[in-house]
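Colleague: here's my sequence, what's the structure:
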Amino acid sequence: MNWTKAILNLDRRIIFSIVALVVAWPLISPLALPVVATPEVEAIFQGMDALPAGSHVLISADFDPASKPELQPMLDAVLQHCFAKGIKPTIMTLWPGGPALIQGSVERAAKQFNKVNGTDFVFLGYKPGNAAVMRGMVGGVQNTYANDHYNTPTSGIPIFQEVRKFADYDYFIEIAAGATVEPWLAYAVEPTKVPMGVSCTAVSAAQYYAFVQGKQIVGLAAGMKGSAEYEFLVRGSYSDALTSAGVPAGAATKGMDAQSLVHIFIVLSIIVANLAYFIERKRGPQRRSA
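Modeller: Modelled structure (predicted):
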């Protein structure tokens, strides 16, 4: 059998096996393929990076396991950025499925950078109510959260001697798997004018570019690609701090490496299969005439 027939009759299990290997390779051993940050992601990064050490950032991580591959890397990268620069983040979530994931990210980053709970960061955890919680944060953090995620009274947490309400924060990051961007804008950001950056799932990104163009939000990180771009910017500016802390390559960067290799394999497969098809079709009349 010639090579064209071998290609056209290739067992699909062989193709599936090759795809599995192509995906696994960069996840096990990152390739560090080039990443180019879009202006929207770079704007989020620059907004954070312009803050002096000791500033306060509020992060609302509103996602659950279904959107973990796209959004948890962004949370990890934002926390690394905060801790590398000496910014104090307050982390919260409005999604009931989020606390375990978010707690893992917070505690992992805090351990890597030797940060102290209550002094260098606060994890408020989950609170139901969405719009009611947003309005409550504008009125006062301690009035909305009597205790943090670890059941420590917020009245005794040092960070809340420095920030008491939403307007006291220097920057706000919303990491959204659903429709929480608009309520945050309406109930908290517009009344207080606190700068807001948004990270969302790729499928939701189109509806938020209008907010970037209208300068209602600073920038937008869309899906895993946006998370990989933010990881790239953080590692490019704070490589020494991340290396000292033992921070490995970001999950989004690995994921984009895997996607890129699979896309390359698919394109090459289409080209080779079509080439084999046309060669075989050309040979057909020659066989019949013989």
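
Colleague: so who does the nearest residue to residue 31 once chain neighbours are set aside touch?
Modeller: Distances taken as C-beta to C-beta, 6 or more residues apart in numbering put residue 257 closest to residue 31, at 4.7 Å, once the chain neighbours are dropped. From N, CA and C alone the C-beta is placed, and that goes for glycine too. Neighbour list for residue 257: 26-27, 30-33 [criterion: C-beta atoms under 8 Å, 6 or more residues apart in numbering].

Colleague: where does residue 257 land in three-state SS?
Modeller: helix (DSSP: H, G, I helix; E, B strand; the rest coil).

Colleague: ok, residue 149 next?
Modeller: Using three-state DSSP, the structure places residue 149 in coil.

Colleague: would you map the helices across the stretch 1-150 of the chain?
Modeller: Applying DSSP state H, counting those that start in this stretch to the stretch 1-150 of the chain gives helices spanning 3-8, 12-28, 39-49, 68-85, 99-113, 131-139, 141-144.

Colleague: out of these, the one nearest residue 200 is which?
Modeller: Ranking the helices of the stretch 1-150 of the chain by proximity to residue 200 (C-beta to C-beta) places helix 68-85 first, at 7.8 Å.

Colleague: so the closest one versus helix 39-49, what angle?
Modeller: 40 degrees (axes from the mean of the first three to the mean of the last three C-alpha atoms, to 10 degrees).

Colleague: buried residues of helix 68-85, list them for me.
Modeller: 68, 70-85 (16 or more other C-beta atoms under 10 Å).

Colleague: ok so, going back, among the helices of the stretch 1-150 of the chain, show me which one is buried the most.
Modeller: Most buried of those by mean neighbour count (mean count of other C-beta atoms under 10 Å) is helix 68-85; its value is a mean of 25.

Colleague: quick check: angle from that helix to helix 99-113?
Modeller: 30 degrees.

Colleague: nearest to residue 217, of the helices of the stretch 1-150 of the chain?
Modeller: Comparing the helices of the stretch 1-150 of the chain under C-beta to C-beta, the one sitting nearest is helix 39-49, at 8.8 Å.

Colleague: ok, and the closest non-adjacent residue to residue 55?
Modeller: Among residues not flanking residue 55 along the chain, residue 170 sits closest, at 4.3 Å (C-beta to C-beta, 6+ apart).

Colleague: and the one you found, how far from residue 81?
Modeller: Distance of residue 170 to residue 81, given as C-beta to C-beta, to the nearest Å: 13 Å.

Colleague: could you do residue 263 as well?
Modeller: Noted for residue 263: a distance of 29 Å to residue 81, by C-beta to C-beta.

Colleague: which non-adjacent residue is nearest residue 88?
Modeller: residue 56 is the one closest to residue 88 (C-beta to C-beta, 6+ apart), at 5.2 Å.

Colleague: hmm, I was thinking of residue 136
Modeller: residue 144 (3.4 Å).

Colleague: before we move on, what about residue 15?
Modeller: Nearest one to residue 15, counting by C-beta to C-beta, 6+ apart, is residue 269 at 7.3 Å.

Colleague: my read: that neighbour touches residue 16, true?
Modeller: No. Here residue 269 lies out of contact with residue 16, judged by C-beta atoms under 8 Å, at a distance of 11.9 Å.

Colleague: related to what we said a few turns ago, need the three-state assignment for the residue nearest to residue 15.
Modeller: Applying three-state DSSP: residue 269 is helix.

Colleague: what's the burial count for it?
Modeller: 15 (other C-beta atoms under 10 Å).

Colleague: report the contact partners of residue 25.
Modeller: By C-beta under 8 Å, 6+ apart, the contact list for residue 25 reads 31, 258, 261.

Colleague: tell me which element the last one falls in.
Modeller: Per DSSP states H and E, residue 261 falls inside helix 251-289.

Colleague: done for today, thanks.
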